[in-house]
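Visitor: turn this into a structure:
(chains A and B, ligands or ions: 1)
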Amino acid sequence: MEKKAAGKSLAEKIFETHLVDKPFGEAWVLRLDAVFCHEITTPVAINDLVSKGMDRVFDPAKIKAVIDHVTPAKDSKTALQGKILRDWARRHGIKDFFDIGRNGVCHALFPEKGFVRPGYTVIMGDSHTCTHGAFGAFAAGVGTTDLEVGILKGVCAFKPPRTMRINLEGSLKPGVTAKDVILALIAQIGVSGATDKVMEFRGPVVDSLSMEGRMTLCNMAIEAGGTSGVCMPDMTTVNYLWPFVGPDGEGQFKTKEEALAAYKVWWSDEDASYDSVVNLDCSALEPVATVGYKPDQVRAISELEGTKVDQVYIGSCTNGRIEDLREAAAVLKGRRIADSVRGILSPATPDVYAQALKEGLIQIFMDAGFCITNPTCGACLGMSNGVLAEGEVCASTTNRNFYGRMGKGGMVHLMSPASAAATAVAGYITSADKLK
Amino acid sequence: MKQFGGKLLFLDRSDINTDEIIPAKYLTEISKEALKPFCLEDLKLPDFDSRRDLAGKSAILTRGNFGCGSSREHAPWALEVNGINIVVAESFARIFRQNMYNCGMLAIELPAAQIDELFLAFKGLDTDLAVDLNAGTLKFTAPGKAAYTAQFKLTEFESALVKSGGWVQFAAERY
Ligand code: SF4
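Guide: Sure thing, here's the model as predicted:
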């Protein structure tokens, strides 16, 4: 192999190994390893393919589909969306289709099933697809047209990758979580600070985070405009994927060291060139929350102390995983939420729900006065399961505080599960360390 | 190819997101046409009333990071069924921008200083936008005002999508 002058970033390596065509200089057409689908954006693509006489899928094994946004269906329109997806999955022999009883929030469910691997290219008709970059994959949200072509041909066009390296230095104080880190970072670079860029998370803070924490980080890359978040695959990644890639799974690797060596191929080279570099010293961070209607409007929770809330929502693809439930339950244990607050917990997947039951977490939430829903996106996008009334305020572990996001005229304060739990107990915004 | 240009709608704010362009609760609609009455319903902009202000408009002038947030292609569709096929802005969110071109619509970026000048000169006036794709020019005119012409350049890929009417056809034939 010829030695190149400059090293390559993880994203560049993935692009080069997946390149199918460069029909025009600025558009790279990539081969896709996985195309994910849900019932909100896929049915329109399906109907369009049917109407064009092109009702085919490129590879049923590489397509994964779930009904997650509104489930169980709330009305005949959402029932129809589910039906279109369900019928399509059956018609094309898509094995990995998750219907009610087995369904959960896409970006929590698909990693849990082992569908994302280092070096993969992934698209989905959902902006938070960037979550899957936590595994060292290039994963990007797309619209319905790109999704349609992905389903049909297994390709998608992107601009050549530009990477923003984000060094998360120091270590997190107790009570400070991945959610606080990503909110602080978005506050620093702004809601369009990473537009058209891959956000590469590096440094000791990332190294010490679990896969759940890394997914929380990468999940909110899009809130800074980023195309995908990415983390370098390491032993934490290998351990998470081991049931799928080890001898008890597909048997791709005999030892974890072997898997790690294979995955390290994707690591950005030491001398990779970056579009920009951002440093964040995380040692100084405190628990934070958003104010206003943009995710970059962030304040220390200590400055917001006393802001009354009507509802607390714990769930979503950002913070509905088992670690998040543990974090919130640790705060709620032996406490009750304020009478003025409605608490809602939506475990992100059936496995998260089952594990939380086993660990007694669900009981803690119930004793504290929370309502537990089935795994679904639900309240996160204001479609069901906890829509706000005009003028109401919600402390939420989700990722968007847009005007009207959880219900017309509602206000959403984004924060970590621990802070949301503490806020539920107090009835106003506060952090866990302030509770008596 | 779609028709571009016509009466201009001024949305004088940055970071207008796709939830504001079309709220999630309408994503249960399977037809594009059904989105029509709800376009920009939740836009957070003083004195803006979508039912009053959208009528008769065919183009939008706005600020930075237009179309951020959700990937929903329902956002361009909601604009399209209201007769709006072109948005001129300081910058766009990636997915929204790509969705526009994938639908054969135009998302044109102009430098911040030009956007400023345009708002200063035309906001509040009955403004027309004429688009010349071949020459790469946008011409803004309003009664009693000197015309303002701005240059733009599409990438080859964008231009191909706009001319062919979309990415599905292109990919179906090629891959
Ligand atoms: S939980 Fe919220 S942000 Fe995540 S996929 Fe569902 S609707 Fe989107």
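Visitor: make it CA atoms for all contacts and neighbour counts henceforth
Guide: Will do.
Visitor: was I right about residue B:123 contacting residue B:60?
Guide: No. Shown here, residue B:123 and residue B:60 do not form a contact pair, counting by Cα atoms under 8 Å, at 11.5 Å.
Visitor: need the overlap of contacts for these two.
Guide: Counting by Cα atoms under 8 Å, 6 or more residues apart in numbering or on different chains, the contacts common to residue B:123 and residue B:60 are residue B:10.
Visitor: tell me the residues on chain A that lie near the ligand, please.
Guide: When proximity is defined by Cα under 6 Å from any ligand atom, chain A lies next to the ligand at A:69, A:105, A:316-317, A:377, A:380-381.
Visitor: of those, closest to residue A:36?
Guide: Checking those against residue A:36 with Cα to Cα, the nearest one is residue A:105 at 11.9 Å.
Visitor: the closest one and residue A:402, how far apart?
Guide: Distance from residue A:105 to residue A:402, counting by Cα to Cα, to the nearest Å: 20 Å.
Visitor: contacting residues around residue A:383?
Guide: Counting by Cα under 8 Å, 6+ apart, residue A:383 has contacts A:69-70, A:406-407, B:24-25.
Visitor: which element is it on?
Guide: Using DSSP states H and E, residue A:383 sits in no helix or strand.
Visitor: swap in residue B:108?
Guide: strand B:106-109.
Visitor: could the C-alpha coordinates of the next helix or strand after that strand be exported in CSV?
Guide: Note on strand B:106-109: by DSSP H and E, the next helix or strand toward the C-terminus is helix B:112-122. Extracted C-alpha coordinates of helix B:112-122, given in CSV (Å, rounded to 0.1, in the frame of the first residue of the first chain):
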residue,chain,number,x,y,z
ALA,B,112,-25.2,37.2,5.7
ALA,B,113,-24.5,40.7,4.5
GLN,B,114,-26.7,40.3,1.4
ILE,B,115,-29.5,38.8,3.5
ASP,B,116,-29.3,41.8,5.8
GLU,B,117,-29.5,44.2,2.9
LEU,B,118,-32.5,42.4,1.4
PHE,B,119,-34.4,42.5,4.7
LEU,B,120,-33.5,46.2,5.1
ALA,B,121,-34.6,47.1,1.6
PHE,B,122,-37.7,44.9,1.1
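Visitor: so what strands line up beside the helix or strand following helix B:112-122?
Guide: Going down the chain from helix B:112-122, the next helix or strand is strand B:128-132, by DSSP H and E. If you go by DSSP bridges, strand B:128-132 pairs up with strand B:5-11 (antiparallel), strand B:137-141 (antiparallel).
Visitor: spell out which parts of chain B neighbour chain A.
Guide: Counting by Cα under 8 Å from any Cα of the partner chain, the residues of chain B close to chain A are B:15, B:17, B:19-20, B:23-25, B:27-31, B:42, B:44, B:65, B:68-73, B:93-96, B:98-99, B:102-103, B:155-157, B:167-168, B:171-172, B:175.
Visitor: kindly recompute the last result at 6 Å.
Guide: By Cα under 6 Å from any Cα of the partner chain, the residues of chain B that approach chain A are B:25, B:28, B:70-73, B:94-95, B:99, B:157, B:168.
Visitor: quick one: which of those residues is nearest residue A:92?
Guide: The nearest one, if we look at these relative to residue A:92 and count by Cα to Cα, is residue B:168, at 19.7 Å.
Visitor: any idea how far the closest one lies from residue A:122?
Guide: 18 Å.
Visitor: mind checking which of these two has more residues around it?
Guide: residue A:122 (28 against 22; other Cα atoms under 10 Å in any protein chain shown).
Visitor: let me know the helix or strand that that one is in.
Guide: Assigned by DSSP H and E, residue A:122 falls in strand A:121-124.
Visitor: right, is that strand up against chain B?
Guide: No. Figure legend: strand A:121-124 not in contact with chain B (Cα under 6 Å from any Cα); closest approach 9.2 Å.
Visitor: CA atoms only for that strand - export them in CSV, please.
Guide: This file holds the C-alpha atoms of strand A:121-124, laid out as CSV (Å, rounded to 0.1, in the frame of the first residue of the first chain):
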residue,chain,number,x,y,z
THR,A,121,-22.9,3.2,7.2
VAL,A,122,-26.4,3.6,8.5
ILE,A,123,-29.3,5.8,7.4
MET,A,124,-32.8,6.3,8.7
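Visitor: number of residues surrounding residue A:174?
Guide: Neighbours around residue A:174, by other Cα under 10 Å: 9.
Visitor: what number of residues lie near the residue lying closest to residue A:62 once chain neighbours are set aside?
Guide: Using Cα to Cα, 6 or more residues apart in numbering or on different chains and skipping residues adjacent in sequence, the residue nearest residue A:62 is residue A:34, 4.9 Å away. Using other Cα under 10 Å, residue A:34 has 25 other residues around it.
Visitor: list phi and psi for residue A:34.
Guide: phi -150, psi 140 (degrees, to the nearest 10).
Visitor: quick one: the helices in the stretch 201-350 of chain A, in order.
Guide: With DSSP state H, counting those that start in this stretch, the ranges of helices along the stretch 201-350 of chain A come out as A:204-208, A:211-219, A:235-245, A:256-264, A:301-304, A:316-319, A:322-332, A:350-358.
Visitor: and chain B, by the same measure?
Guide: Counting by DSSP state H, chain B has helices at residues B:18-21, B:50-53, B:74-81, B:94-102, B:112-122, B:156-164, B:167-174.
Visitor: check what contacts the fourth one and list those residues.
Guide: Read it as helix B:94-102. Outside helix B:94-102, the residues that touch it by Cα atoms under 6 Å, 6 or more residues apart in numbering or on different chains are A:142-143, A:196, B:67, B:71, B:76, B:107, B:166-167.
Visitor: and which of those is nearest to residue A:29?
Guide: Of these, the one sitting nearest to residue A:29 (Cα to Cα) turns out to be residue B:167, at 11.6 Å.
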